[in-house]
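Asks: below are the sequence and a predicted model; questions follow.
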Amino acid sequence: MARVETTANRPYHLVIFGASGFTGQFVVEEVARTAAEGPKGTLKWAVAGRSKQKLEKVLEQAAGFLSKPELRTEVDIIVADVEEPDTLASMCKQAVIVLNCVGPYRFFGESVVKACVENGAHHIDISGEPQFLEGMQLNYNSQAADKGVYIVGSCGFDSIPADMGILYTRDQFKGTLTAVESFLTVKTGPDGGSIHDGTWHSAIYGLADRPKLRSLRSKFNHKPLPTVGSKLKRRGVLFYSNEIQQYTVPFIGSDPAVVKRSQRYLAEEHQETPVQYGAYAGIGGIGNVVKMIFAGMMFFLLVKFSCGRSLLLKYSEFFSFGAFTKTGPTRKQMADTSFQIAFYGEGYKEGDDPSQGKPNSKIQTLVKGPECGYVTTPIAMVQAALTILNEPAALPKKGGVYTPGGAFAKTTLISRLHKHGIQFSVV
Ligand SMILES: NC(=O)c1ccc[n+]([C@@H]2O[C@H](COP(=O)([O-])OP(=O)(O)OC[C@H]3O[C@@H](n4cnc5c(N)ncnc54)[C@H](OP(=O)(O)O)[C@@H]3O)[C@@H](O)[C@H]2O)c1
């Protein structure tokens with residue numbers, strides 16, 4: 001069972017590492033808001049990062065926004081730098097769980113995971129980078145299991161709504177669910193919205209490094225997952241979706257890779273029927289299609305060369321048509337933005353053999369929530385941490401490197417998310 005108690009030597013339930021980052025500041029606010037949900041109604045927590053001044057500023061700002069002046073004086077600060085392993089070790093020794101917001105994870109993530117495993121702290125990240133996530137599984141799964149430590153990746157918008165949404169759909173389906181397609185739509189208010197370019201950086205390096213992901217995957221020596229039911233057809237690179245009534249493209253984030261790993265784990269460890277998955281995202285009308293084709297062509301061309309990547313990094317706003325900005329969205333833009341993922345599932349009615357004939361039953365579910373990157377992500381990350389702290393007996397028996405679906409399938413994470421505004425429902 002997970003170690004969740006604090007001690008004199010390990011004084012904090014949670015340490016937020018990278019609290020001074022754009023996302024980190026909102027994770028700080030979410031932890032401050034939900035502190036009463038910690039074990040026995042209290043949560044002991046601290047912030048960490050490489051600049052004490054920046055961390056003080058984040059606490060000052062959170063104290064003002066949340067009208068909690070005590071945050072200025074009662075939250076401890078730990079100075080730790082990814083480049084200085086001793087400081088990481090010292091941080092990890094003081095935490096039950098490290099909430100790691102320092103990205104791109106491909107550059108900064110591994111040393112934090114290593115320090116957590118070596119020093120007995122659980123680790124939750126919000127990476128959307130399959131190469132990092134799967135690399136950690138390859139390199140640290142058995143050490144984490146030996147130490148009884150849970151390393152749970154992709155606990156932000158990438159990929160908790162999709163991964164837990166598939167499990168929710170499966171649990172609501174009367175029979176054997178065999179395939180799901182999901183369609184993401186995002187609504188912004190009159191001022192529009194944007195994503196902070198920390199995520200743009202992660203995406204650029206992620207796409208540039210794609211060939212390495214294939215060779216990393218081959219090292220797992222996985223047997224192919226059995227296809228149960230009719231094989232799910234892949235849609236085209238651009239199509240008009242009748243489901244969401246707009247032009248749609250394959251979702252390029254980590255969701256399909258994360259869902260596949262969860263389904264593999266649940267099939268191999270719990271003999272559950274693996275669900276095939278296709279993830280798509282709506283892009284709107286024809287005007288957006290033209291912009292997307294232009295931006296996509298520039299991106300895939302420039303990302304291959306180091307001078308092209310420098311241009312993409314420097315002029316994120318220009319090359320993304322304003323989707324990514326150096327300042328990130330304003331609080332007003334965030335308040336006016338929301339997302340919805342519609343899941344269309346098919347399978348076999350109760351009592352029917354899924355190896356015989358075509359699927360004969362359907363289901364539609366929804367996951368809805370507030371702005372993806374800096375409202376949903378902190379809620380999902382913090383609720384994942386609170387689930388480890390409050391429900392250790394419902395986690396997998398052994399420590400290891402897990403997806404959200406693998407770690408939280410038997411917990412109440414979905415109802416916790418629901419209570420915090422990320423709602424799961426059957427249509
Ligand atoms: N899953 C999701 O849906 C989701 C949503 C949002 C963000 N993200 C991911 O979260 C990550 C952060 O994004 P962001 O926009 O918040 O980026 P950001 O604003 O650039 O923040 C990066 C953080 O890393 C810290 N850092 C950098 N180098 C460090 C080092 N050597 N030692 C210690 N700390 C270091 C920075 O500290 P300083 O302040 O001192 O520079 C800062 O706190 C990205 O990988 C992004 O893709 C994921």
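Replies: Received it, and whenever you're ready, just let me know what you need.

Asks: when you work out contacts or count neighbours from here on, use the C-alpha atoms and nothing else.
Replies: OK.

Asks: the chain against the ligand: which residues are in contact?
Replies: 18-24, 49-51, 81-83, 101-105, 126-128, 154, 156-158, 196-199, 202, 373-374, 377 (Cα under 6 Å from any ligand atom).

Asks: now intersect those residues with the helices, please.
Replies: 22-24, 105, 197-199, 202, 377 (DSSP state H).

Asks: now those in a markdown table, with pLDDT and neighbour count?
Replies: Converted to a markdown table, those look like this (pLDDT from 0 to 100; neighbours: other Cα atoms under 10 Å):
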| residue | pLDDT | neighbour count |
| --- | --- | --- |
| F22 | 97 | 19 |
| T23 | 97 | 22 |
| G24 | 98 | 25 |
| Y105 | 96 | 22 |
| D197 | 84 | 21 |
| G198 | 79 | 20 |
| T199 | 81 | 18 |
| S202 | 79 | 18 |
| T377 | 98 | 26 |
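
Asks: tell me which of those is nearest to S320?
Replies: Of all these, S320 sits closest to D197, with 10.2 Å by Cα to Cα.

Asks: these two touch, right, that closest one and A323?
Replies: No. Between D197 and A323 there is no contact under Cα atoms under 8 Å: 9.2 Å.

Asks: returning to what we had before: from the residues of the chain next to the ligand, list the buried ones, please.
Replies: 18-24, 49-51, 81-82, 101-105, 126-128, 154, 156-158, 196-199, 202, 373-374, 377 (16 or more other Cα atoms under 10 Å).

Asks: hey, which helix or strand in the protein has the poorest pLDDT?
Replies: helix 197-208 (a mean of 81; mean pLDDT, DSSP states H and E).

Asks: ok, the closest residue to the ligand within the stretch 251-400 of the chain - contacts?
Replies: At 4.1 Å from the ligand, G373 is the closest residue in the stretch 251-400 of the chain, using Cα to the nearest ligand atom. With contact taken as Cα atoms under 8 Å, 6 or more residues apart in numbering, G373 is in contact with 23, 156-157, 195.

Asks: so of these, which ones are in strands?
Replies: Judged by DSSP state E, these include I195 as members of strands.

Asks: counting neighbours, what do you get for E268?
Replies: Neighbour count for E268, taken as other Cα atoms under 10 Å: 13.

Asks: can you check the one 10 residues further on too?
Replies: Per other Cα under 10 Å, the neighbour tally for G278 reads 20.

Asks: report the buried residues of stretch 416-427.
Replies: Neighbour counts over stretch 416-427 (16+ other Cα under 10 Å) mark 416-418, 420, 422-424 as buried.

Asks: so which of the ones in helices among the residues of the chain next to the ligand comes closest to E350?
Replies: Nearest to E350 among those, with distances taken as Cα to Cα, is T377, at 35.6 Å.

Asks: can you pull the contacts of that closest one?
Replies: Here T377 is in contact with 126, 155-158 (Cα under 8 Å, 6+ apart).

Asks: switch the cut-off to 10 Å
Replies: 23, 26-27, 30, 126, 154-161, 370-371, 383 (Cα atoms under 10 Å, 6 or more residues apart in numbering).

Asks: L138 too?
Replies: 132, 216-217, 219-220, 401.

Asks: what's the separation between it and P130?
Replies: For L138, the distance to P130 (Cα to Cα, to the nearest Å) stands at 12 Å.

Asks: hang on, the earlier thing: of the contacts of L138 - the most surrounded one?
Replies: So for the contacts of L138 (other Cα under 10 Å), the most neighbours sit at V401, 28 neighbours.

Asks: for that residue, pull up the helix or strand it's in.
Replies: If you go by DSSP states H and E, V401 is part of strand 400-402.

Asks: against which helices or strands is the next helix or strand after that strand packed?
Replies: Sequence-wise, the next helix or strand downstream of strand 400-402 (DSSP H and E) is helix 404-408. Packing contacts for helix 404-408, counted by 3 or more Cα pairs under 10 Å, 6 or more residues apart in numbering; DSSP states H and E, involve strand 150-152, helix 160-172, helix 255-270, helix 377-390, strand 400-402, helix 413-419.

Asks: could you tell me which residues within helix 404-408 count as buried?
Replies: Under 16+ other Cα under 10 Å, the buried positions of helix 404-408 are 404-408.

Asks: pull up the distance across stretch 416-427, start to finish.
Replies: End-to-end distance of stretch 416-427 (Cα to Cα): 20 Å.

Asks: centre of the chain versus that stretch, how much separation?
Replies: Taking Cα atoms, centre = their mean, to the nearest Å, the mean C-alpha location of stretch 416-427 is offset from the chain mean by 16 Å.

Asks: same question, stretch 179-190
Replies: On Cα atoms, centre = their mean, the centre of stretch 179-190 falls 16 Å from that of its chain.

Asks: send me that stretch as CSV with only the CA atoms.
Replies: Coordinates of each C-alpha in stretch 179-190 appear next as CSV, following Å, rounded to 0.1, in the frame of the first residue of the first chain:
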residue,chain,number,x,y,z
ALA,A,179,-14.1,0.4,-29.4
VAL,A,180,-14.5,4.1,-28.7
GLU,A,181,-13.9,7.3,-30.8
SER,A,182,-13.7,10.6,-29.0
PHE,A,183,-14.2,14.1,-30.3
LEU,A,184,-12.8,17.1,-28.5
THR,A,185,-14.3,20.6,-28.8
VAL,A,186,-13.1,23.7,-27.1
LYS,A,187,-15.3,26.9,-26.6
THR,A,188,-13.7,30.2,-26.0
GLY,A,189,-15.4,33.5,-24.9
PRO,A,190,-15.4,36.9,-26.7
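
Asks: what residues of it count as buried?
Replies: 179-186, 188.

Asks: with pLDDT, secondary structure and distance to Y168 added, can I get those residues in CSV?
Replies: Formatted as CSV, these follow (pLDDT from 0 to 100; DSSP: H, G, I helix; E, B strand; the rest coil; distance: Cα to Cα, whole Å):
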residue, pLDDT, secondary structure, distance to Y168
A179, 98, strand, 13
V180, 98, strand, 12
E181, 98, strand, 14
S182, 98, strand, 13
F183, 98, strand, 16
L184, 98, strand, 16
T185, 97, strand, 19
V186, 96, strand, 21
T188, 94, coil, 26
